[in-house]
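Student: Dropping a prediction and its sequence here:
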Amino acid sequence: MSHPSQDPRLSALEVLLLGGGLALFLALLYTLQAVLHPLLIAIAAVILLWPLRTQRAVRALMFSGGFLLLFWLLSQLQWVLLPFVIAYLLAYLSNPAVDWLARRLHVPRWVSALAVTAGVIGIVVAIALLLVPSILSQLVTLLQQLLDSMRYLRRWLYESPWMDRLAEVLPVDRQAILQQLTTFIEQQLQKLTGNLPDLLTTLAQSLGSVVGAITMIATFPVLLFYTLKDYPKLRDALIGLFPQHNGRKDYLVHASTVVGNYLRGQLLISAIGAVNVSVALLLLNFPFALLIGLLAGILNLIPNLGAVLTNIIAVAVALLFGDPPLLDAVLVTAVLLGQGLLEASVLSPNILSYQVGLHPVLILLSLFVFGYFLGALGLLVAVPTTAVLVGFYQSYRAAVQQAQTVSETTVTDG
């Protein structure tokens, strides 16, 4: 028995009811705009679009909406997720040590994970108790001296002979140049000194409360231990979220190996550099030695450009606060040059056994591009991120070439 085909077109009454229902729905949204929440909007969108999910355009719309909702959730939960991200990053960097201890001592993985967790927490606590107070003290002193020196800067600019020579060579208004220069320096110093309390206030507000901060700090060792103990399972689950390429996920393993070796080696070299520079400058009685050493270690994570920035800042500090300035400038330059030679001849060849394989021009380009979009964070993540992208491209190109070779071979045999 055949059933009559149904007309897919809507009748006039159905169109009228649909239009009225849509108008009432929009009116309801307008009325509830003060209490609307992205999650409520997402649920309502899914209810509306679910009957039409077989349409390609509707599926694309639902996928893009889900992506935006996920991005919103991550932005809202960034401070909640931060300890988990840090714990996974530390586990990612420390996993080789856990594997080595488990193999060398023939102990269960949880024992080696517990030992590595104790070592990492011990290093963090030692740095917090021994170095952070001294570094903060030097930072406060440096800012105070910069503010105090502003009283003498204007007088020095007026009395400096190079301003007279500049006025003789170029038709410039000396008074206007001095006013603009001093105003610019005062504005930058005010921003520098004003951003520090704002940063601390924002951090305190983000943590929520003192109780929340204490809870987070107390539970972090436990979180790190379980992340280290189950790191292989967590890594495999994370890799499972990425799509396969040519039926395999070798590109992820290759990229993880490259980035992991690079980060471990670069962090170790940076730590050695920070210790060497700090100790040498302390022995030479250089002003703000700990700050310069810490800066040298952090900027060392930025290839090529970091060494240049460290030298510029260190020489500027020597000329401003050294006693005598020229001798301190020569000494700090010699210390940084010696550390650079040690790194190039001994540390990098022995520690960075697996280079990222990027051309220096490509490294500089990635630094400028990532720095433009992400600021200081972009400078730190530019090289490993570029290495991952290059690894993806190389894997894709190799797969395409292999497919072309197979196709040509099939045609030839046929």
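Tutor: Arrived safely.

Student: Flag the shaky bits of the stretch 151-300 of the chain, pLDDT-wise.
Tutor: Per-residue confidence for the stretch 151-300 of the chain (pLDDT under 70) gives these ranges: 151, 153-160, 162-164, 166-168, 170-175, 177-178, 182, 185-186, 188-213, 243-254.

Student: again, only this time at 90
Tutor: Filtered on pLDDT under 90, the stretch 151-300 of the chain yields the residue ranges 151-219, 235-268, 287-288, 299-300.

Student: One more: the stretch 1-150 of the chain?
Tutor: Scanning the stretch 1-150 of the chain with the threshold set as pLDDT under 90 gives 1-62, 65-66, 68, 70-71, 74-83, 85-86, 89, 92-93, 105-107, 124-150.

Student: ranges for the helices of the stretch 301-414 of the chain?
Tutor: With helices called from DSSP state H, counting those that start in this stretch, the stretch 301-414 of the chain shows them at 305-321, 325-342, 348-351, 360-374, 376-413.

Student: Pro83: which of those helices is closest?
Tutor: Of all the helices of the stretch 301-414 of the chain, helix 376-413 sits nearest to Pro83, with 18.1 Å by CB to CB. Heads up, the C-betas are built off the backbone N, CA and C, glycines and all.

Student: helices and strands around the closest one, which ones?
Tutor: The helices and strands touching helix 376-413, judged by 3 or more CB pairs under 8 Å, 6 or more residues apart in numbering; DSSP states H and E, are helix 250-283, helix 360-374.

Student: in it, what counts as buried?
Tutor: By neighbour count with 16 or more other CB atoms under 10 Å, helix 376-413 contains the buried residues 378-384, 386-388, 390-391, 395, 399.

Student: and the angle for it with helix 360-374?
Tutor: Interaxial angle of helix 376-413 relative to helix 360-374 (axes from the mean of the first three to the mean of the last three CA atoms, to 10 degrees): 130 degrees.

Student: If you average the pLDDT over helix 376-413, what comes out?
Tutor: Mean pLDDT, helix 376-413: 75.

Student: Report the distance from that helix to the chain centre.
Tutor: 24 Å (CA atoms, centre = their mean, to the nearest Å).

Student: could you give the angle of that helix to helix 250-283?
Tutor: Going by the same axes, to 10 degrees, helix 376-413 makes 150 degrees with helix 250-283.

Student: quick one on the thing from earlier: tabulate the helices of the stretch 301-414 of the chain (CSV), appending distance to Leu81.
Tutor: Below are those laid out as CSV (distance: least, CB to CB, whole Å):
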stretch, distance to Leu81
helix 305-321, 29
helix 325-342, 36
helix 348-351, 31
helix 360-374, 18
helix 376-413, 16
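
Student: Quick check: the gap between the closest residue to Gly340 other than its chain neighbours and Ile269.
Tutor: Leaving aside its sequence neighbours, Gly340 sits nearest to Ala307 (CB to CB, 6 or more residues apart in numbering; 6.0 Å). Going from Ala307 to Ile269 by CB to CB, to the nearest Å gives 12 Å.

Student: so what sits against both of those two?
Tutor: By CB atoms under 8 Å, 6 or more residues apart in numbering, Ala307 and Ile269 have these common neighbours: Asn300.

Student: just the helices in the stretch 51-200 of the chain please.
Tutor: Remark: helices assigned in the stretch 51-200 of the chain by DSSP H, counting those that start in this stretch are 56-76, 78-105, 109-130, 132-159, 161-169, 174-207.

Student: So which of the ones you listed is nearest Glu408?
Tutor: Each of these was scored for nearness to Glu408 using CB to CB, and the closest is helix 56-76 (34.1 Å).

Student: got TSV for the buried residues of helix 376-413, with distance to Arg59 too?
Tutor: Conversion of the buried residues of helix 376-413 to TSV gives the following (distance: CB to CB, whole Å):
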residue	distance to Arg59
Gly378	34
Leu379	39
Leu380	38
Val381	33
Ala382	35
Val383	37
Pro384	34
Thr386	33
Ala387	34
Val388	29
Val390	32
Gly391	31
Ser395	28
Ala399	27
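
Student: Out of the residues you listed, which comes closest to Val125?
Tutor: Leu380 (24.0 Å).

Student: which ones are touching the closest one?
Tutor: Counting by CB under 8 Å, 6+ apart, Leu380 makes contact with 301-302.

Student: which parts of the host helix or strand of Ile41 are buried?
Tutor: Take DSSP states H and E as the rule and Ile41 turns out to sit in helix 38-49. By neighbour count on 16+ other CB under 10 Å, the buried set for helix 38-49 is Ala42.

Student: Output the contacting helices and strands for it.
Tutor: Contact analysis of helix 38-49 by 3+ CB pairs under 8 Å, 6+ apart lists helix 56-76 as its packing neighbours.

Student: what's the spacing between the helix it packs on and its chain's center?
Tutor: Distance, stretch centre to chain centre, for helix 56-76: 24 Å (CA atoms, centre = their mean).

Student: returning to that earlier point: so the helix holding Ile41 versus helix 56-76, what angle?
Tutor: If you take the same axes, to 10 degrees, helix 38-49 sits at 170 degrees to helix 56-76.

Student: Residues in contact with helix 38-49: which ones?
Tutor: With CB under 8 Å, 6+ apart as the contact definition, helix 38-49 has outside contacts at 58, 61-62, 65-66, 69, 72.

Student: Any of those buried? List them.
Tutor: With burial judged by 16+ other CB under 10 Å, the buried subset of the contacts of helix 38-49 is 62, 65.

Student: what's the closest of the contacts of helix 38-49 to Ala34?
Tutor: Nearest to Ala34 out of those is Trp72 (CB to CB; 18.4 Å).

Student: show me the contacts for the closest one.
Tutor: For Trp72, the contacting residues are Pro38, by CB under 8 Å, 6+ apart.

Student: Val390 contacts Leu365, correct?
Tutor: No. Counting by CB atoms under 8 Å, Val390 stays clear of Leu365, with 12.0 Å between them.
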